[in-house]
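Asker: Just the structure for this:
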Amino acid sequence: MDEIDAKILKELQNNSRIPSAELACMLEISEDEVEARIAGLKDAGILRSCTAVIDYSVTGEDNVIVVLSLKVTPEKGL
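Answerer: Reported below is the predicted structural model:
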């Protein structure tokens, strides 16, 4: 993963529906390269999905959504 991949991921985090053409323009690369890089990020398991984030305060529903990712490292000597 290089700097361009990192920028693509950042933009996808902000807007998962951003068109490839817009990303290409922002990053000054071709649309084909954007699509190839996104496919590569998916194949590598770095980009697992693009999802909608719902603002439940706007819908009037009382919900809490937590997305948690942990890496458990066992302590030595236990």
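Asker: Not counting stretch 41-54 itself, show me its contacts.
Answerer: Met1, Asp5, Ile8, Leu9, Leu12, Ser16, Arg17, Ile38, Ile65 (Cβ atoms under 8 Å, 6 or more residues apart in numbering). For every residue, glycine as well, the C-beta is placed using N, CA and C.
Asker: Just give me the closest of those to Glu28.
Answerer: Ile8 (12.6 Å; Cβ to Cβ).
Asker: Make TSV from the contacts of stretch 41-54 and add distance to Leu27 to it.
Answerer: Output for the contacts of stretch 41-54, formatted as TSV (distance: Cβ to Cβ, whole Å):
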residue	distance to Leu27
Met1	14
Asp5	10
Ile8	7
Leu9	12
Leu12	12
Ser16	16
Arg17	17
Ile38	12
Ile65	30
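Asker: Pull out the buried residues from those.
Answerer: Buried members of these, counted by 16 or more other Cβ atoms under 10 Å: Asp5, Ile8, Leu9, Leu12, Ile38.
Asker: And those residues, which is closest to Lys76?
Answerer: Leu9 (33.2 Å).
Asker: for Ser20, phi and psi?
Answerer: phi -60, psi -40 (degrees, to the nearest 10).
Asker: And Val34, how close does it get to Val72?
Answerer: 35 Å (Cβ to Cβ, to the nearest Å).
Asker: what's the pLDDT at Ile18?
Answerer: Ile18 carries a pLDDT value of 95.
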